[in-house]
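S.K.: Quick check, what structure comes out for this input:
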Amino acid sequence: MKKFIIGFIFCFGISCWAQEIQSPSKKISVSFSLTPAGKPAYQVSYLNQKIVEESTLGIALKDNVALDHGFTILNQVATSVNESWQPVLGEQASIQNMYNQITFYLLQKETNRKFNIIFRVYNEGVAFKYDIPKQSNLNYFVIADELSSFNLTENYKAFWIPGDYDSQEYAYNETNLSDIDNSKLDMNNGIGVKSIASPYRVQSPLMLKSPSGIYINIFEAAVVNYPVMHLDVDPNKFDLKSNLVPNAIGDKAYLQAPCVSPWRTLMISNDARDIVGSKMILNLNEPSKIVDTSWIKPMKYVGIWWEMHIGKATWDYAGSQNAQNAADEALKPSGKHGATTANTKRYIDFAAMHGFDGVLVEGWNAGWEDWFGNWKENVFDFVTPYPDFNLKEVNDYAKAKGIKMIMHHETSGSVANYERHLDRAFELMQQYGYPAVKSGYVGKIIPRGEFHDGQTMVNHYNFVAQRAADYKLMINSHESSRPTGYSRTYPNYIAAEAARGNEFNAWSIGNPPMHETILPFTRLLGGPMDYTPGIFEIKMNVYDPAKKEQVHTTLAKQLALYVTMYSPLQMAADLPENYQKHLDAFQFIKDVALNWDQSLYIEAEPGDYLTVARKTKGKDEWFLGAITDENARKTIVSLNFLTPGKKYKAIIYEDGKDAHWEKKPKSYAIKTIQVTSNSKIKLNLANGGGTAISFTVIN
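M.R.: So this is what the prediction gives:
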C-alpha cells in the first residue's frame, strides 16, 4: 500500500476544487469542492465526459445544525491500494481490490465539528462515504436525512422499481428518467405489503444507460447499522437525491461517533460487462469476521415449496391455505398438508438418488393457520412441529441417505418474536444437524411501524447472520432488505431473495421475460440470490385448467439461470415428478457447479441478454449460460476460455426450433459435440429462451 499527502487546492468559477482523484486506469476522475457557502460537492467524469455534474453532499441532523455547509478543508490524504483476497464461496477464486482513495478532513466553523468524506475510485466506478470522528461536541446523534445527491447530465434510460420501504418484489420498468412515475404502475402484482410514499422514488441499485452508450449503476455497499438508501428522482432535471428509510417515529438512524455511513457507489463504463461483472460492492465491505469457515459449504437442494405455490399442497396442517383464519385447537388434517414425514422422505429419496445436498421443508411447524395479515405478534415458536412431521424420524432418515435438511423459519414479520426464540431455534437445528436455515419476513414488521428496509431491520438481518455464525449455521433470508456485500464479512450469509423471485410466476402476473436479464445488473451486485430456478412444468393450467399463470421463460432458459444467476445455494425448485418426465434436461441441474474459480461475462445488455461462462472450483470444467428477453436472439460465442490443447465434450441444452416462452415453452433439444479453445458455438435463443452448456475434458 502506498500513501502520500496532497497539499494543494485549485480555485476557479464559483467553487474551490480540491485535488482531482482518478481511477487506476485513469478513465474515471472525481473532483471534490466546497462551494462559497462551504457545501461539500463533487463531480464525476468518464473518459473526459462529465457524468455527474456538481452534486452536493452532507447529513441532516435532528434538532441540530446540519452537516452540509460552512465547512473548510483542514487536510486531505490520498492512498493507493492494490491487493487481492479469496472469498469463501464465490464467482472467482481471487478478487482484486485496486483503487485510489482520498479523504477530505473538514471542519464546520459554526459548530467546531469535524466531518470527513472519503472517496474511492476503482476502474469500474466511484464510491464515497461519510466518516464522523469521535469528538466532544458530537457524541450521540440522530440522522434526520442524508443529503447525498447524484445530478446526472442526461435523460438516461433507467431500469427501476418503486421506492417501496417494505418490498423489492417488483418487476422492473424500463423507461427514461423523465418518465419515472410510480402512480402509473399497475399494483395488482401479487405483493402483499406495499409502502410507497412518493411517485418519484425508486430503489437502488438503479441501472442506467445514456443515449451515448454509457452505463451507470447507483447503489450502496456495507449497509451496517444504517437504513437502506432509496433515490428520489427529479424527472425534469435528471437529479437524484438519497432517501433513507425511516423508523416508526420518522427518524432515519441513531448513531454515536465515531461512525461511518455506508458507501454510496456509482459504477460507470461504456461496456455493460464491466458493471455486471464488478466486485466493487464486495470490495467495499470488511473482510470475513469468521475465522474458521470450513463449515460454510455450497448446497444444491430440493424441497417442499413449489407444491404449495401451485396449490397442490398447503403450508398449514388443516389444509385450508387460509393464512388469516384463527387456528382451531382440534385441527383436523385434510390430506393436503405438504410437510408430512412421508412426503419429506419422498423428497429425501429423490435428493439422494440424484446427488443433491439438501432438502428444504416449509410448513413443518405449527402456526400456519393464522400467520399473515393480522399483525399478530406470537405466531411461530420455531421448535414445535405439526403432528404429522416427526423431526427425529425425518432427520434420521435423511442422515442415513447422506442428505442435509434445511430448516425454514417464517417470522410472519414478527421480528421481536423471532429474536426471542432465535437461540432455541438454532439449538434445535444443532441438535438435528441442520446446516442452513431459510428465513422469511412476509408481512408488516413487528416492532410495529418499522419497515423492512429501516435501520432496526438492517441490524436484525445482520444480527441473525452473526448469531448463526456462533452456531455454525448458514442463512438464506427471504423478504429481507437487499444485500450490499455483507456476505464478505459474514460468508455464512450464503444467499438471500430480496427481489421478485420465480414463485411469482405461479400465482400472479409473473415475471416478464426480461426480468432475469436485469437482476444480475441490480439485485445480484450486492450478493447471491436464491431465485429458485429449474421449473420444467411451465404452464400452471396443468394443475388447474382454469389457471392462466405461467413461468415466462422456456425450459432451456430455466437451465441457463443456474449459470447466469450466481448463488452457492441453488434449488431445483420444481416437483420431483416433473423432473422424472425430463431426466435428460434435469441432468444439467445435477451437473452444474455451485462454486467457481473464474467467471467470464461474455455478452451483456441489461433488459436484453446475458451470456456467462464459469469454471468449476478446482476442476478443468466449464458451464455456460445464455439468456434473452422476449426477443429471439442469435449469437456466436468463442470458446477461447477453454484450456488450449485440450479437447472437451460440450453438452448443449438449447431451445427447440419451435420454442417460445408463451407458445411452446417446453420445446428443447440436447446435443453433444467435441470442441477446443479454438471452437465457436452458434447459439439460437428463442423468445424468452436460453441455452445451457457443460464442458468437460475428454480423457
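
S.K.: Show me where the chain has its helices.
M.R.: Here the chain has its helices, by DSSP state H, at 272-276, 280-283, 306-309, 341-353, 391-401, 415-432, 455-470, 486-489, 504-507, 515-518, 555-564, 576-580, 583-591.

S.K.: quick one: the last one to helix 555-564, angle?
M.R.: In this structure, helix 583-591 runs at an angle of 10 degrees to helix 555-564, with axes from the mean of the first three to the mean of the last three Cα atoms, to 10 degrees as the basis.

S.K.: What number of residues are in the vicinity of the closest residue to Q96 other than its chain neighbours?
M.R.: Closest residue in space to Q96, ignoring its immediate chain neighbours: S84 at 5.1 Å, by Cβ to Cβ, 6 or more residues apart in numbering. (C-beta placed from N, C-alpha, C; glycine too.) Neighbours of S84 under the rule other Cβ atoms under 10 Å: 11.

S.K.: Just to check, S84 is in contact with I95?
M.R.: Yes: S84 lies in contact with I95 (Cβ atoms under 8 Å); the separation is 6.4 Å.

S.K.: do you know how far V65 is from A650?
M.R.: The spacing between V65 and A650, counted by Cβ to Cβ, to the nearest Å, is 65 Å.

S.K.: who has more neighbours, the two?
M.R.: Shown here are V65 and A650; by other Cβ under 10 Å, A650 has more neighbours (19 against 13).

S.K.: ok, that one - contacts?
M.R.: Contacts for A650 (Cβ atoms under 8 Å, 6 or more residues apart in numbering) come out as 672-675, 681, 693-695.

S.K.: Apply 6 Å and report the result again.
M.R.: The contact partners of A650, by Cβ atoms under 6 Å, 6 or more residues apart in numbering, come to 673, 675, 693, 695.

S.K.: Return the members of those residues classed as buried.
M.R.: Among these, those classed as buried by neighbour count (16 or more other Cβ atoms under 10 Å) are 675, 693, 695.

S.K.: which one is the second one nearest to, not counting chain neighbours?
M.R.: What it means is I693. L624 (4.2 Å).

S.K.: so what's I698 closest to, chain neighbours aside?
M.R.: The shortest distance from I698 to any residue other than its chain neighbours is 4.4 Å, reached at K647 (Cβ to Cβ, 6+ apart).

S.K.: Let me see the backbone angles for F389.
M.R.: As for F389, its main-chain torsions (degrees, to the nearest 10) stand at phi -130, psi 110.

S.K.: Correct me if wrong: the residue nearest to Q96 contacts M98.
M.R.: No: taking Cβ atoms under 6 Å as the contact criterion, S84 and M98 are not neighbours in contact, 8.7 Å apart.

S.K.: And for the residue nearest to R467 when sequence neighbours are not counted, the neighbour number?
M.R.: Nearest residue to R467 in three dimensions, chain neighbours excluded: L422, at 6.2 Å (Cβ to Cβ, 6+ apart). Close neighbours of L422, defined as other Cβ under 10 Å, add up to 20.

S.K.: How much space separates the residue lying closest to G656 once chain neighbours are set aside from S412?
M.R.: Computed as Cβ to Cβ, 6+ apart, the closest residue to G656 that is not its neighbour in sequence is S667, at 3.2 Å. S667 sits at a distance of 41 Å from S412 (criterion: Cβ to Cβ).

S.K.: out of these two, which sits in the busier spot?
M.R.: In terms of neighbours (other Cβ under 10 Å), S412 is the more surrounded of S667 and S412; the figures are 27 against 17.

S.K.: how about that one, what does it touch?
M.R.: If you count contacts by Cβ under 6 Å, 6+ apart, S412 has them with 371-372, 379, 443.

S.K.: Kindly reformat the residues you listed as JSON lines containing distance to G526, pLDDT and neighbour count.
M.R.: Rendered in JSON lines, the data for these read as follows (distance: Cβ to Cβ, whole Å; pLDDT from 0 to 100; neighbours: other Cβ atoms under 10 Å):
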{"residue": "W371", "distance to G526": "28", "pLDDT": "95", "neighbour count": "23"}
{"residue": "F372", "distance to G526": "27", "pLDDT": "93", "neighbour count": "19"}
{"residue": "V379", "distance to G526": "29", "pLDDT": "95", "neighbour count": "26"}
{"residue": "G443", "distance to G526": "23", "pLDDT": "96", "neighbour count": "24"}
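
S.K.: Just the residues you listed: which are in strands?
M.R.: Residues of the contacts of S412 located in strands (DSSP state E): none.

S.K.: wait, which of those residues is closest to D597?
M.R.: Comparing the contacts of S412 against D597 with Cβ to Cβ picks out G443 as the nearest, at 40.8 Å.

S.K.: So the closest one sits against G373, correct?
M.R.: No: taking Cβ under 6 Å as the definition, G443 is not a contact partner of G373, at 7.1 Å.

S.K.: Low-confidence ranges, the protein, go.
M.R.: Applying pLDDT under 70 to the chain flags residues 1-18, 327-329.

S.K.: repeat that for 80
M.R.: In the prediction, the chain carries residues with pLDDT under 80 at positions 1-18, 326-330, 699.

S.K.: Tell me who's in contact with G454.
M.R.: Counting by Cβ under 6 Å, 6+ apart, G454 has contacts 227, 245, 247.

S.K.: Correction: the previous question concerned Q101.
M.R.: Counting by Cβ under 6 Å, 6+ apart, the residues that Q101 touches are 79, 120.

S.K.: before we move on, what about K404?
M.R.: For K404, the residues meeting the contact criterion (Cβ under 6 Å, 6+ apart) are 357-358, 435.

S.K.: Which of these sits closest to K241?
M.R.: Proximity to K241 was ranked across the contacts of K404 by Cβ to Cβ; first place goes to P435, at 42.9 Å.

S.K.: can you give me the strands for the stretch 1-150 of the chain?
M.R.: 2-5, 10-12, 15-17, 21-22, 28-34, 40-46, 49-56, 59-61, 71-85, 95-108, 113-122, 125-132, 140-146, 149-152 (DSSP state E, counting those that start in this stretch).

S.K.: list the buried ones in the longest one?
M.R.: In this case it means strand 71-85. 71, 73, 76-78.

S.K.: That strand relative to strand 40-46, how many degrees between them?
M.R.: Angle, strand 71-85 to strand 40-46, by the same axes, to 10 degrees: 40 degrees.

S.K.: and among the helices of the chain, the most buried is which?
M.R.: Burial of the helices of the chain is given as mean neighbour count (mean count of other Cβ atoms under 10 Å); helix 555-564 ranks first at a mean of 29.

S.K.: Tell me which residues are up against that one.
M.R.: Helix 555-564 has contacts (Cβ under 6 Å, 6+ apart) with 533-536, 570, 588, 592, 610, 612, 623, 625-627, 653-655, 666, 668, 689-692.

S.K.: That helix: how far from the chain's middle?
M.R.: Relative to the mean C-alpha coordinate of its chain, helix 555-564 is positioned 18 Å out (Cα atoms, centre = their mean, to the nearest Å).

S.K.: Just the closest of the contacts of A650 to I275, please.
M.R.: Comparing these against I275 with Cβ to Cβ picks out I693 as the nearest, at 24.0 Å.

S.K.: could you pull out the strands for the stretch 251-400 of the chain?
M.R.: Counting by DSSP E, counting those that start in this stretch, the stretch 251-400 of the chain has these strands, from start to end: 253-256, 259-260, 263-269, 299-304, 358-361.

S.K.: For L57, which of the ones you listed is the nearest?
M.R.: Taking Cβ to Cβ as the criterion, L57 comes closest to strand 263-269 out of the strands of the stretch 251-400 of the chain, the separation being 8.8 Å.

S.K.: Okay, now the sheet partners of that closest one, with direction.
M.R.: Strand 263-269 sits in its sheet next to strand 125-132 (antiparallel), strand 215-221 (antiparallel), going by DSSP bridges.

S.K.: Which of these sits closest to Q598?
M.R.: Smallest distance to Q598 across these (Cβ to Cβ): 21.6 Å, for strand 125-132.

S.K.: where do the strands sit along the stretch 501-650 of the chain?
M.R.: Going by DSSP E, counting those that start in this stretch, the stretch 501-650 of the chain shows strands at 569-571, 596-605, 609-616, 621-628, 633-638, 648-655.
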